[in-house]
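Engineer: Sequence first, then the predicted structure, then my questions.
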Amino acid sequence: MTPARTLVAGVDTSTQACKVVVRDAETGAPVRSGRAPHPAGTEVDPRAWEAAFTAAADAAGGLADVAALSIGGQQHGMVCLDDDGTVVRDALLWNDVRSAGAASDLIAELGDGDEATGRQAWADAVGLVPVASFTAAKLRWLADAEPGNADRTAAVCLPHDWLTWRLSAERGPGTLVTDRGDASGTAYWSARSGEYRLDLLELAMRGRRPAVPRVAGPAEQVGVLAGTSAVLGPGTGDNAAAALALAARPGDVIVSIGTSGVVSAVSTTAVADVTGTVAGFADATGNHLPLVATLNAARVLDAAATMLGVDHARLSDLALSAPPGAEGLVLVPYLEGERTPNLPRATGAVHGLTLRTATPAHLARAAVEGLLCGLADGIEAVVAQGVAVDRVLLIGGAAGSPAVQQLAPGIFGRPVLVPSPGEYVADGAARQAAWVLSGAAAPPEWALPGLQRFESAPTPGVRERYAQVRGRTDGQ
Ligand SMILES: Nc1ncnc2c1ncn2[C@@H]1O[C@H](COP(=O)(O)OP(=O)(O)O)[C@@H](O)[C@H]1O
Ligand SMILES: O=C(CO)[C@@H](O)[C@H](O)COP(=O)(O)O
């Protein structure tokens, strides 16, 4: 009789869905998986994430036989809890831009009214400059727009912290836990010092100081899955989890095209970009994860497909059938406002329409190129922080698009490696769970996914034309 293998589970509680994977703890071999959708919108009742988790776990055949579980999740979302641990209001997600004015106020206040001084002060304090996405800006919005809810907020945490806490057998006061990766996206925890800046939390909350989760070590057991003996890992932010799944090392740049567009890189040193383009986040192993995020990514292609009345496969074929640069047709993809560049009130635009370019193929091409040009700007910004780029890996839902795969190398000016299709955030969480279970100093050596290499001649003209048009789109 073969001995029973030990199983671990990883969860991605992402913007659009909850995904659960079950893997062999020793080898990382996939065993089973499930998913369930999240509600649409940028303001969500966290209980919907718990319901989706339950449905996704059921779809994955249940978790009764797993020995450990960790949760990766969408970053930055503001989850406010009252004295009883009840959710105070719906969570504001990372892509909710109502906090844009609050972010500007926080910059000005830390600079005593001077924006440049404020930017420098935030970069020095926490390695990033506030934008609408970060939790601190959302808390300032809450303090100003809903002071009653701010008063009731006894503790504040992030989506993955909240779900870990809900699944834990122990939910008493002081049991909320997070990790370095997700804490670094709050704007009141410093990846450089490894400490909370509770003065900045207090500034955001206009003098209130709610409790915050304890920041656990990368492989620390933080509890037990309720109703089982499975151990819980600390979990992490989605981008840190994906880096863990890919065993990313310095020199690797991961470009994720999910709901968000993300360029991130593992680095042994902290960054502090005073322009605010690159955020100085932490990874899930003790390193750093400088990161650029856009609000508009896979859903740009969803929108283009809807406009053209086609599915993703047809959109890709259309894009590949048009010439590079779509003969001057440019789509600026700021469909939800934008975070990078910081234009929260911007809208999308199409420039260069002529009788010749007014075709489905040109529009499809312009959508893919517009999306990729924004990410190419992100790669450039990360490089400007002194981060080495030896390999570019492309993941996320839209990385499955042949047009994205084939056009990215030309626009990025570098070859692109596409791992075999997978749920890399959930996989990274599963690898963390296996690490926690092992008690070892380093994560287990799991087989890495196969990589498909895409290469093509650089098309710098496409980025130049995009940059000209982007400059005219300020969204005011
Ligand atoms: N082949 C494809 N081409 C383009 N977009 C795709 C494709 N497959 C999935 N997507 C899009 O990818 C997105 C989901 O990606 P995912 O990385 O799971 O997002 P998230 O983690 O933010 O929920 C959806 O918007 C979906 O429509
Ligand atoms: O805001 C960020 C990173 O700073 C996003 O990456 C969110 O973490 C959401 O990710 P997805 O839902 O696109 O995976």
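Structural biologist: Nice, I can see it. All figures in this text were calculated on a predicted structure; none of them were measured in a lab. Ligands and ions are numbered 1, 2, ... in the order given.
Engineer: per-residue confidence for the residue of the stretch 101-250 of the chain found nearest ligand 2?
Structural biologist: Residue of the stretch 101-250 of the chain nearest ligand 2, by CB to the nearest ligand atom: Asp238 (4.6 Å). C-beta here means a position set from N, CA and C on the backbone, and glycine is covered the same way. The confidence metric pLDDT takes the value 98 at Asp238.
Engineer: Gln476 now?
Structural biologist: For Gln476, the model assigns a pLDDT of 46.
Engineer: mind checking pLDDT for the nearest residue to Arg208 once chain neighbours are set aside?
Structural biologist: Using CB to CB, 6 or more residues apart in numbering and skipping the chain neighbours, the partner closest in space to Arg208 is Ala150 (5.9 Å). With respect to pLDDT, Ala150 has a value of 98.
Engineer: could we number from 39 for the rest of this?
Structural biologist: Let's use 39 as the start, then, which means that last one is Ala188.
Engineer: what helix or strand does Ala188 sit in?
Structural biologist: Secondary structure assignment for Ala188, by DSSP states H and E: helix 185-190.
Engineer: following that helix, which helix or strand shows up next?
Structural biologist: Helix 185-190 is succeeded, C-terminally, by strand 193-195 (DSSP H and E).
Engineer: Which other helices and strands does whatever helix or strand comes next after that following strand contact?
Structural biologist: Where DSSP H and E defines the elements, the next helix or strand beyond strand 193-195 is helix 197-205. With contacts taken as 3 or more CB pairs under 8 Å, 6 or more residues apart in numbering; DSSP states H and E, helix 197-205 sits against strand 45-51, helix 85-97, strand 104-111, strand 117-119, strand 215-217.
Engineer: Tell me the secondary structure at Val421.
Structural biologist: Assigned by DSSP: H, G, I helix; E, B strand; the rest coil, the conformation of Val421 is helix.
Engineer: Surely it and Val427 touch.
Structural biologist: Yes: when contacts are counted by CB atoms under 8 Å, Val421 is listed as touching Val427 (5.9 Å).
Engineer: In space, what's closest to Val301 - neighbours in sequence excluded?
Structural biologist: Gly416 is the one closest to Val301 (CB to CB, 6+ apart), at 3.6 Å.
Engineer: Would you check how far apart that neighbour and Gly448 are?
Structural biologist: From Gly416 across to Gly448, the span is 16 Å (CB to CB, to the nearest Å).
Engineer: How about Val126?
Structural biologist: For Val126, the distance to Gly448 - CB to CB - is 48 Å.
Engineer: same thing with Asn325?
Structural biologist: Distance from Asn325 to Gly448, counting by CB to CB: 31 Å.
Engineer: One more: Leu367?
Structural biologist: On the measure of CB to CB, Leu367 and Gly448 end up 17 Å apart.
Engineer: Any idea how many residues pack against Thr306?
Structural biologist: When neighbours are defined as other CB atoms under 10 Å, Thr306 has 9 of them.
Engineer: coming back round to it: so for Leu367 and Gly448, which residue has more residues nearby?
Structural biologist: Higher neighbour count among Leu367 and Gly448: Leu367, with 26 against 22, using other CB under 10 Å.
Engineer: For the closest residue to ligand 1 within the chain, list the residues it contacts.
Structural biologist: In the chain, the residue that lies nearest ligand 1 is Gly435 (2.1 Å; CB to the nearest ligand atom). By CB atoms under 8 Å, 6 or more residues apart in numbering, the residues touching Gly435 are 295-296, 336.
Engineer: before we move on, what about Pro251?
Structural biologist: Pro251 neighbours (CB under 8 Å, 6+ apart): 193, 195-196, 199, 203, 214-216, 221.
Engineer: Buried subset of these, written for ChimeraX?
Structural biologist: To isolate in ChimeraX the members of the contacts of Pro251 that are buried, counting by 16 or more other CB atoms under 10 Å, one can use:
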select :193,195,196,199,203,214,215,216,221
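Engineer: Give the bridge partners for the spatially closest residue to His198 that is not a sequence neighbour, please.
Structural biologist: The shortest distance from His198 to any non-neighbouring residue, by CB to CB, 6+ apart, is to Gly111 (3.3 Å). Applying DSSP bridges to Gly111 gives these bridge partners: Thr51, Gly275.
Engineer: For Gly111, list the residues it contacts.
Structural biologist: Going by CB under 8 Å, 6+ apart, Gly111 touches 49-52, 196-198, 201, 220, 273, 275-276, 463.
Engineer: can you check Gly488 too?
Structural biologist: Counting by CB under 8 Å, 6+ apart, Gly488 touches 457-458.
Engineer: Mind pulling up the pLDDT for it?
Structural biologist: pLDDT at Gly488 comes out at 96.
Engineer: What of the one 4 residues further on?
Structural biologist: On the pLDDT scale, Phe492 is placed at 98.
Engineer: count of neighbours near it?
Structural biologist: 19.
Engineer: now do the one 10 residues further on
Structural biologist: Neighbour count for Glu502, taken as other CB under 10 Å: 11.
Engineer: Need the three-state assignment for Val262.
Structural biologist: strand.
Engineer: Nearest residue to it in space, please, no chain neighbours.
Structural biologist: Ala207 (4.7 Å).
Engineer: residue contacts, the residue nearest to Ala138 when sequence neighbours are not counted?
Structural biologist: Spatially, and ignoring its direct neighbours in sequence, Ala138 is nearest to Pro382 (3.7 Å; CB to CB, 6+ apart). Contact analysis of Pro382 by CB under 8 Å, 6+ apart lists 135, 138, 169-170, 375-376, 513.
Engineer: Tell me the most packed of the residues you listed, by neighbour count.
Structural biologist: Within these, most neighbours by other CB under 10 Å means Val169, with 27 neighbours.
Engineer: Settle this for me: that residue is touching Ser142, isn't it.
Structural biologist: No: between Val169 and Ser142 no contact is recorded; they are 9.2 Å apart, counting by CB under 8 Å.
Engineer: need the contact list for His389.
Structural biologist: If you count contacts by CB under 8 Å, 6+ apart, His389 has them with 367-368, 370, 507, 510.
Engineer: just to revisit the earlier point, which one of the contacts of Pro251 sits closest to Asp121?
Structural biologist: Ala193 (8.7 Å; CB to CB).
Engineer: need the residues of this protein near ligand 2, please.
Structural biologist: For the chain, the residues in contact with ligand 2 (CB under 6 Å from any ligand atom) are 52-53, 112-114, 132, 171, 223, 275-277, 296-298, 300, 329, 331.
Engineer: pLDDT on stretch 228-246, on average?
Structural biologist: On average, stretch 228-246 scores 98.
Engineer: Go through it and flag the buried ones.
Structural biologist: By neighbour count on 16+ other CB under 10 Å, the buried set for stretch 228-246 is 228-230, 234-235, 238-239, 241-243, 246.
Engineer: now stretch 480-496
Structural biologist: 481-482, 484, 487, 492, 494.
Engineer: so of those residues, which ones are in strands?
Structural biologist: Among those, the ones falling in strands (DSSP state E) are Phe492.
Engineer: Go through the buried residues of stretch 480-496 and say which is closest to ligand 2.
Structural biologist: Looking across the buried residues of stretch 480-496 and measuring by CB to the nearest ligand atom, the closest to ligand 2 is Pro487, at 17.7 Å.
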